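*Asks:* just the structure for this:
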Amino acid sequence: MIIVGLGGLLDDAACAVIKDGVLAAAVEQKKIGRRHRPGTLPFEAIQAALELAGATASGVDTVAIARPLPESSEGALHLQLRERFPSSQTLVVEHHAAHAASAYFASGFDRATVLVLDRGGDYRSASRWRAEGNRIEIERESYFPDSLADLYSRVTELMGHEPRGDEHKVQWMATGAPSDLAPMFDAIIGNGDSDWPRIDRSYFDRNRLGFGGFSSRFFERLGVQDETDLPESLKPRVAAGLQRAIETAVTRMAGQGDHLCLAGGLAFNTPLVSALEHSGRWKRVFVQPAAGNSGTALGAAYSAWHSMHGRSERIPFSTLSLGPSYTAEQIKQTLENCKLHFSYLLTTGEVIQAALELLQHNRIVAWMQGRMEFGPRALGNRSILASPLDPYSTENLNIFIKRRESFRKFAASVPAEHADRYFDVGPNARFLATIGRVRQEHRKTFESAILGNGLVRVHVVDKEENPLFHALLNAWGERTGLPVLYNTSFNLFGDPLVCTPRDAVRSFYSCGVDALLVGSFLLEK
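*Replies:* Take a look at the predicted model:
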């Protein structure tokens with residue numbers, strides 16, 4: 001049985017393929033095609049996912065597609081699906097239902113509460129579901145404009161960043177800052193009046209196009225002049241107040257119990273995930289790590305497997321390395337076509353040793369190995385690596401390579417068997433979906449990666465999931481006594497993660513990275 005799941009057609013389009021009960025592939029259109037026209041089918045992602053699954057379009061049994069769909073061309077879209085998948089049947093899945101399915105069926109839980117939080121997919125801004133066995137039923141929902149994600153986007157714009165794109169900048173700015181402005185945001189959200197948000201619209205002015213659309217009442221509460229840029233000293237306090245109020249609201253919305261699953265764009269907020277993990281209200285919390293609109297492709301495929309086809313077997317979710325990989329011949333062809341000088345390393349051991357030599361000399365290494373990750377985070381296959389022992393790693397990565405703000409820290413990747421020695425972190429760190437805390441005795445070592453109050457982004461690497469990256473980390477530990485490397489995503493200037501060898505070469509020569517290890521090939525500047 002072959003099931004194709006499609007999601008995010010209006011933004012972040014993706015395709016996932018289940019083949020004979022195995023999640024065989026998941027690919028985002030913007031990564032594979034470097035572009036996507038909203039409202040169209042992600043043809044390149046579909047083709048790549050089918051090839052990875054060893055399937056053809058004519059052999060697909062079911063196409064499951066998550067809403068929302070383009071209203072003006074919905075009929076044409078169905079005709080395109082029929083033409084492309086002539087033997088398939090079609091299942092249309094509501095947006096929040098797809099989010100909920102993506103989280104619950106990937107969690108491995110037999111029963112759970114599922115909370116979906118986004119800006120306004122299908123006009124819903126939040127929904128809570130009761131899941132048991134293969135059934136997911138909605139318990140409660142709220143609609144736009146009672147949207148926590150929309151409030152977060154408004155503050156993002158107020159800070160001078162891009163709304164619906166740069167919210168992560170606000171969450172990192174908040175870390176370690178005083179949260180004395182939380183009561184104001186509690187009042188905006190309605191915390192204390194109800195266990196679900198009811199946004200006070202008097203804090204907004206619908207006639208204002210800038211400054212997040214906030215009204216004069218909001219600026220008055222902040223104590224600054226109406227419709228002016230916030231002072232730099234005030235921004236962290238605003239971010240921290242918002243973050244604390246959001247955490248309070250979501251904790252109330254979730255309730256309490258044994259198992260909680262999260263999805264939707266707000267589930268990318270790793271401090272929020274950490275707050276839920278440490279709330280004491282839940283025994284276990286699972287975040288679907290590709291929580292945004294692209295993840296609805298997974299949810300659509302899961303929905304078809306369990307609901308449409310009535311299959312009771314759960315499909316294990318063990319890795320996000322679900323995208324394309326490239327052979328030595330394909331990489332070599334790209335390098336030769338670009339007329340580049342390179343070294344070919346004969347064994348995996350030589351690849352690891354080359355990386356170790358570079359890192360030990362405080363060189364920054366771009367690392368492209370194996371299958372591309374699904375979702376926005378680099379988990380050791382499309383990464384830029386640096387040594388924690390390099391006192392200038394923060395400056396080199398943030399200023400000269402990623403060209404981003406100093407408060408946006410990089411992750412610390414550590415083998416699973418050594419994680420507890422250095423960090424206090426939950427199971428969602430496997431997918432970089434939460435934050436941890438550096439143990440007191442190691443805070444000086446990881447000073448450059450600490451967000452504030454000892455908090456750090458931690459990536460726990462499992463040997464079975466990523467044996468090569470796991471081996472590199474352990475080899476680094478044997479050489480230096482510290483089995484931890486700093487890891488940030490291999491992409492530049494807001495682009496998606498690199499996918500192909502050509503993407504890797506283009507990014508490598510556009511920044512200050514010192515060396516590129518792509519498969520068995522080494523390039524140095």
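
*Asks:* report the central residue of this structure.
*Replies:* P376 (4.0 Å; C-alpha atoms, centre = their mean).

*Asks:* for that one, give me its contacts.
*Replies:* For P376, the contact set (C-beta atoms under 8 Å, 6 or more residues apart in numbering) comprises 268, 290, 292, 489, 497. In short, each C-beta sits where N, CA and C put it, glycine included.

*Asks:* so it, which state does it fall into?
*Replies:* What DSSP: H, G, I helix; E, B strand; the rest coil gives for P376 is coil.

*Asks:* any buried residues in stretch 474-492, and which?
*Replies:* Counting neighbours by 16 or more other C-beta atoms under 10 Å, one finds that the buried residues in stretch 474-492 are 474-477, 480, 482-492.

*Asks:* show me which of the residues you listed is closest to A249.
*Replies:* Of all the buried residues of stretch 474-492, A249 sits closest to S489, with 29.1 Å by C-beta to C-beta.

*Asks:* A100 in helix, strand or coil?
*Replies:* helix.

*Asks:* doesn't R135 make contact with it?
*Replies:* No - using C-beta atoms under 8 Å as the test, A100 is too far from R135 to be in contact (11.2 Å).

*Asks:* can you report phi and psi for I138?
*Replies:* Torsion angles at I138 (phi, psi; degrees, to the nearest 10) stand at phi -80, psi 140.

*Asks:* please name the nearest non-neighbouring residue to it.
*Replies:* Computed as C-beta to C-beta, 6 or more residues apart in numbering, the closest residue to I138 that is not its neighbour in sequence is W129, at 5.4 Å.

*Asks:* identify the bridge partners of that neighbour.
*Replies:* W129 forms beta bridges with V114, I138, as assigned by DSSP bridges.

*Asks:* mind checking the SS state of G299?
*Replies:* Going by three-state DSSP: G299 is helix.

*Asks:* let me fix that, I meant to ask about P163.
*Replies:* What three-state DSSP gives for P163 is coil.

*Asks:* ok, it - contacts?
*Replies:* P163 sits next to 153-154, 156-157, 212 when contact means C-beta under 8 Å, 6+ apart.

*Asks:* make it 10 Å
*Replies:* Each residue near P163 by C-beta atoms under 10 Å, 6 or more residues apart in numbering is listed here: 119, 150, 152-157, 212-213.

*Asks:* one more: G512?
*Replies:* Applying C-beta under 10 Å, 6+ apart, we find G512 in contact with 364, 396-397, 399-403, 525.

*Asks:* just V224 next, same as before
*Replies:* Applying C-beta under 10 Å, 6+ apart to V224 gives the contacts 218, 230-231, 234, 238.

*Asks:* restricted to buried residues, select those residues in PyMOL.
*Replies:* Buried subset of the contacts of V224, written as a PyMOL selection, criterion 16+ other C-beta under 10 Å:
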select buried, resi 218+230+238
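
*Asks:* now the lengthiest helix in the chain: mean pLDDT?
*Replies:* In the chain, with assignment by DSSP state H, the single longest helix is helix 235-254. Averaged across helix 235-254, pLDDT comes to 97.

*Asks:* with stretch 69-84 instead?
*Replies:* 86.

*Asks:* quick one: buried residues of it?
*Replies:* Residues 69, 77, 81, 84 are the ones in stretch 69-84 that count as buried (16+ other C-beta under 10 Å).

*Asks:* so who does N474 touch?
*Replies:* Contact analysis of N474 by C-beta under 10 Å, 6+ apart lists 352, 415, 417-418, 461, 463, 483.

*Asks:* dump the residues you listed into CSV; add secondary structure, distance to G370 and pLDDT as well.
*Replies:* Shown next, in CSV, are the contacts of N474 (DSSP: H, G, I helix; E, B strand; the rest coil; distance: C-beta to C-beta, whole Å; pLDDT from 0 to 100):
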residue, secondary structure, distance to G370, pLDDT
I352, helix, 14, 98
P415, strand, 17, 98
E417, helix, 21, 98
H418, helix, 22, 98
V461, strand, 13, 98
K463, coil, 14, 97
P483, coil, 20, 98
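
*Asks:* need those residues in TSV (columns: distance to D390).
*Replies:* Putting the contacts of N474 into TSV (distance: C-beta to C-beta, whole Å) gives the following:
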residue	distance to D390
I352	19
P415	20
E417	24
H418	20
V461	20
K463	26
P483	16
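
*Asks:* if you rank these by neighbours, which is first?
*Replies:* Neighbour counts for the contacts of N474, by other C-beta atoms under 10 Å, peak at V461, which reaches 27 neighbours.

*Asks:* tell me if I'm right that it and H470 touch.
*Replies:* Yes - using C-beta atoms under 10 Å, V461 is in contact with H470, at 5.0 Å.

*Asks:* mutual contacts of these two, please.
*Replies:* Shared contacts of V461 and H470 (C-beta under 10 Å, 6+ apart): 380, 413-417, 483.

*Asks:* now, among the residues you listed, which is nearest to A386?
*Replies:* S413 (10.6 Å).

*Asks:* partner strands of the host helix or strand of the closest one, parallel or antiparallel?
*Replies:* Element membership for S413 (DSSP states H and E) is strand 411-415. Sheet pairing of strand 411-415 (DSSP bridges) gives strand 455-461 (parallel), strand 485-489 (antiparallel).

*Asks:* between those, which one is nearest to L50?
*Replies:* Of the strands paired with strand 411-415, nearest to L50 by C-beta to C-beta is strand 485-489, at 26.2 Å.

*Asks:* spit out the contact partners of G33.
*Replies:* G33 sits next to 13, 27, 42-45, 47-48, 496, 499 when contact means C-beta under 10 Å, 6+ apart.

*Asks:* give me the subset of those that lies in helices.
*Replies:* Among the contacts of G33, the members falling in helices (DSSP H) are 43-45, 47-48.
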